[in-house]
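K.L.:
requesting a structural model of the entry that follows:
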Amino acid sequence: MEASTSKAPKKARPSGRKWLLLGILAVLLVFAGGTLLLAGAGGGADLLADVVKTVVTRGELVVSVVETGEINAEKRTTIANNLRWDAIIAERVDEGTQVEVGDVIIRFECQSLLDSITRTELEVTSAENDYQQALERIELTNKEWDNRIAQAEAAVTNARNDQLKFTEHERDQRLAEAEARLALEQQELVLAEGKLKFMRDVNGTEGLEGTYSQSTIDAEQLRVDQYNLNVSNARAELDKLKKYELPQEEKRLELSLQDAELELERAKLESTAQRRLAQVNMEAKSSALEMQERQLEELHAQRDMLEIRATAPGLIIYDSGNRWDPPDVSVGTLIRSRRRLMRIPDMSTLRVYSKVFEGVSEKVHIGMPATIRLDSRGGEVLTGTVGHVALLASTEDQRYNPSVKTFPIESLLDNPPRDLKPGSSAQVELILARLPGVLKTKIAAVFTEQEQTYVWKVEGKQAVRTPVRVGEMSDTEVQILEGLAEGDVLLMAPPPDEVADRTTHAFDTPEELSGDRSAQEQPGRPAAAVAAPQPATADDAENDAPASPPREGRRPEGQPPQGPRGEGQRPEGQRPGGPRGGGPAGGGRQAPAGD
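P.N.:
Numbers count the residues shown, from 1 in each chain. Model prediction:
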């Protein structure tokens with residue numbers, strides 16, 4: 001037997017990341033074991049003493065949403081080079097200047113405009129000479145159009161005669177013929193029915209039975225049926241004649257007369273136009289003269305635009321309308337035609353433009369109070385109201401993320417400061433609901449696992465996992481609908497024994513400790529936790545401020561909109577208000593201390 005020459009495969013060395021994970025787990029196991037030993041040595045010591053707690057209270061719950069917006073004016077005046085030519089800036093005011101009505105904002109120089117004025121003045125003189133020559137070539141011609149008018153009048157007479165012939169003779173004649181045909185068929189039917197009745201009466205008389213055979217009676221019955229059919233057809237023909245054929249013929253003759261009259265009118269109009277054919281040349285020359293004079297007037301109006309004055313008071317802001325192409329308004333700069341240079345916002349129409357998400361837009365309405373915080377003024381707070389809510393979602397945001405829909409809103413300022421500048425950032429807070437006298441507690445005390453929402457309620461020296469049903473929520477508090485009573489004490493994190501139990505069972509097999517995922521995925525085994533949570537303490541609470549949960553309108557993609565909530569309305573493993581709930585194994589993450 002030949003000896004095998006293949007070498008045994010080298011044992012894979014754990015990666016640095018795996019060693020780091022194993023080290024963290026070892027520290028957590030030591031900590032958990034120490035916790036259990038201290039608990040056993042204490043003999044009845046309160047294990048919940050160091051866990052941060054909160055109390056279920058009853059009071060008002062304020063549900064609000066805060067969105068970032070920008071202050072801008074609803075009305076503004078745009079300053080641009082409205083000349084048809086490029087122009088050079090000869091004089092302009094500085095950005096940020098407060099101007100009043102009539103103040104000079106900018107002056108241009110444009111040699112091309114002055115040259116056009118001189119050239120157009122020469123063209124006006126030439127057009128006056130052409131107009132004088134056209135007055136001498138006027139001639140009239142009438143014969144051709146007199147003949148066409150006579151033919152059109154004859155066609156109208158013929159059409160009117162055809163209409164009279166139909167209405168006075170043909171219509172009544174056709175109607176009488178159809179009625180006579182129907183009467184004849186009805187008489188034939190009466191005779192056939194009488195004969196059939198006679199045959200049947202004879203056969204029914206005693207002693208005369210069998211005088212007429214059944215085939216003879218059936219043949220006579222067939223004749224009766226045929227006459228019935230003929231009567232129905234004659235009646236249908238009469239109805240069709242009354243309802244359709246006669247009205248259609250009358251309408252056709254009426255339209256023929258209208259066409260003839262229209263043709264006569266057209267001939268008269270064309271005749272009038274042709275009779276003035278000789279004058280067209282003169283009128284065209286007159287129009288050309290008027291056009292040249294109008295062009296000269298427009299050029300004079302363009303010359304007046306070389307100097308632009310303020311039509312309303314406001315603040316000068318350099319703005320081209322394109323953030324990627326800021327305007328250069330230095331003196332001596334050549335400005336393209338129609339180039340936008342400045343805008344003057346009407347300071348009396350300042351408002352905050354912001355957006356809210358689809359889940360919030362239905363709750364926002366015109367007249368809703370708004371609180372505005374100005375970032376550029378150290379968080380100064382102003383009051384206002386919602387003045388407009390868009391009916392359609394913003395298409396700008398959908399270009400980048402089609403699944404997220406936002407609706408623009410406008411908030412009116414009650415008493416805006418006089419020195420408030422357009423373009424400043426602001427935070428708009430809208431109070432969506434005020435729920436008075438409801439049970440509430442801290443969001444950090446509520447956990448979710450799969451489709452169940454629960455809390456850890458303190459009973460004596462133990463913490464009992466208690467299912468609850470929640471409703472609306474704010475940044476820090478959540479409404480309790482069922483499961484708790486006022487005064488109940490809740491843990492802001494899972495109890496220590498629950499944390500230790502989950503830490504001890506973080507990895508169940510050597511394969512899991514070595515990072516073998518195939519063992520973790522075997523049926524019946526829970527998913528291993530990466531790191532075990534630690535109980536929160538009062539000292540930790542001071543240094544670990546709770547992260548702001550997603551507000552309504554800022555939820556992560558895929559999370560249901562916030563609103564009236566029941567069981568199973570949040571993603572698995574998340575707390576109300578954000579991804580801060582328990583993990584898939586049922587143990588919640590440590591909760592930051594509440595306020």
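K.L.:
how about the strands in the stretch 51-200 of the chain?
P.N.:
53-55, 57-73, 76-80, 87-92, 98-99, 104-109 (DSSP state E, counting those that start in this stretch).
K.L.:
correction: the previous question concerned the stretch 201-350 of the chain.
P.N.:
307-309, 314-315, 317-318, 334-335, 340-345, 350-357.
K.L.:
would you mind giving the strands of the stretch 51-200 of the chain as CSV with mean neighbour count, distance to P494 and mean pLDDT added?
P.N.:
(Glycine included, C-beta is placed from N, CA and C.) As requested, the strands of the stretch 51-200 of the chain are exported to CSV (neighbours: other Cβ atoms under 10 Å; distance: least, Cβ to Cβ, whole Å; pLDDT from 0 to 100):
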stretch, mean neighbour count, distance to P494, mean pLDDT
strand 53-55, 18, 13, 91
strand 57-73, 17, 22, 89
strand 76-80, 17, 57, 84
strand 87-92, 18, 68, 89
strand 98-99, 16, 62, 82
strand 104-109, 18, 68, 90
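K.L.:
need those strands in a markdown table with distance to N228, can you?
P.N.:
Output for those, formatted as a markdown table (distance: least, Cβ to Cβ, whole Å):
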| stretch | distance to N228 |
| --- | --- |
| strand 53-55 | 95 |
| strand 57-73 | 81 |
| strand 76-80 | 85 |
| strand 87-92 | 95 |
| strand 98-99 | 97 |
| strand 104-109 | 96 |
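K.L.:
which of those sits closest to D346?
P.N.:
For D346, the closest of the strands of the stretch 51-200 of the chain is strand 57-73, at 5.1 Å, according to Cβ to Cβ.
K.L.:
now the closest one - C-alpha only, CSV.
P.N.:
Taking Å, rounded to 0.1, in the frame of the first residue of the first chain, the C-alpha atoms of strand 57-73 are listed here in CSV:
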residue,chain,number,x,y,z
THR,A,57,-47.5,59.4,35.6
ARG,A,58,-50.7,61.1,34.3
GLY,A,59,-50.6,64.4,32.6
GLU,A,60,-50.5,66.2,29.3
LEU,A,61,-48.5,64.7,26.4
VAL,A,62,-47.4,67.1,23.7
VAL,A,63,-46.8,65.5,20.3
SER,A,64,-44.8,67.8,18.0
VAL,A,65,-42.6,67.7,14.9
VAL,A,66,-39.5,69.9,14.2
GLU,A,67,-38.3,70.5,10.7
THR,A,68,-35.5,72.6,9.3
GLY,A,69,-36.5,75.5,7.0
GLU,A,70,-35.3,78.6,5.3
ILE,A,71,-36.6,82.2,5.7
ASN,A,72,-37.5,83.9,2.4
ALA,A,73,-39.9,86.5,1.1
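K.L.:
got the angle for that strand vs strand 350-357?
P.N.:
Using axes from the mean of the first three to the mean of the last three Cα atoms, to 10 degrees, the inter-axis angle of strand 57-73 relative to strand 350-357 is 120 degrees.
K.L.:
check which strands are paired with strand 57-73 and give the direction for each one.
P.N.:
strand 350-357 (antiparallel), strand 425-442 (antiparallel) (DSSP bridges).
K.L.:
okay, the ones you listed in TSV with mean neighbour count next?
P.N.:
TSV is the format used below for the strands paired with strand 57-73 (neighbours: other Cβ atoms under 10 Å):
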stretch	mean neighbour count
strand 350-357	22
strand 425-442	18
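K.L.:
where does P408 sit: helix, strand or coil?
P.N.:
Following DSSP: H, G, I helix; E, B strand; the rest coil, the label given to P408 is strand.
K.L.:
so who does it touch?
P.N.:
Shown in contact with P408 (Cβ atoms under 8 Å, 6 or more residues apart in numbering): Y353, S354, K355, H388, A390, S394.
K.L.:
out of the strands of the stretch 51-200 of the chain, which gets nearest to R174?
P.N.:
Judging those by Cβ to Cβ, what sits closest to R174 is strand 76-80, at 74.4 Å.
K.L.:
please name the nearest non-neighbouring residue to A284.
P.N.:
Closest residue to A284 apart from its sequence neighbours, by Cβ to Cβ, 6 or more residues apart in numbering: A134 at 7.5 Å.
K.L.:
surely that neighbour meets N281?
P.N.:
Yes - contact criterion Cβ atoms under 8 Å: A134 and N281 qualify, at 4.9 Å.
K.L.:
between those two, which one's more packed in?
P.N.:
Shown here are A134 and N281; by other Cβ atoms under 10 Å, A134 has more neighbours (19 against 15).
K.L.:
and that one, what does it touch?
P.N.:
Per Cβ under 8 Å, 6+ apart, neighbours of A134: N281, M282, A284, K285, S286.
K.L.:
likewise for T167?
P.N.:
Counted by Cβ under 8 Å, 6+ apart, T167 has contacts E250.
K.L.:
and G367, what does it touch?
P.N.:
G367 is in contact with T385, V386, counting by Cβ under 8 Å, 6+ apart.
K.L.:
now the phi/psi pair for it, please.
P.N.:
phi 90, psi -10 (degrees, to the nearest 10).
K.L.:
relative to G378, how far out is it?
P.N.:
29 Å (Cβ to Cβ, to the nearest Å).
K.L.:
what about stretch 241-252, average pLDDT?
P.N.:
The pLDDT scores in stretch 241-252 average 88.
K.L.:
quick one: E128 from A288, how far?
P.N.:
For E128 relative to A288 (Cβ to Cβ), the value is 10 Å.
K.L.:
of these two, who's got more company?
P.N.:
A288 (18 against 14).
K.L.:
so what pLDDT did that one get?
P.N.:
At A288, pLDDT is 93.
K.L.:
for N228, give its distance to E220.
P.N.:
Here the criterion is Cβ to Cβ. By it, N228 lies 13 Å from E220.
K.L.:
which neighbours do the two share?
P.N.:
By Cβ under 8 Å, 6+ apart, no residue touches both N228 and E220.
K.L.:
neighbour-wise, which of those two wins?
P.N.:
Taking other Cβ under 10 Å, N228 and E220 do not tie; E220 has more neighbours (19 against 15).
K.L.:
so that one makes contact with K195?
P.N.:
Yes - counting by Cβ under 8 Å, E220 touches K195, with 5.9 Å between them.
K.L.:
for the nearest residue to L341 once chain neighbours are set aside, give me phi and psi.
P.N.:
Excluding the flanking residues, the one nearest L341 by Cβ to Cβ, 6+ apart is P327, at 4.9 Å. Here is the backbone geometry of P327 (degrees, to the nearest 10): phi -80, psi 150.
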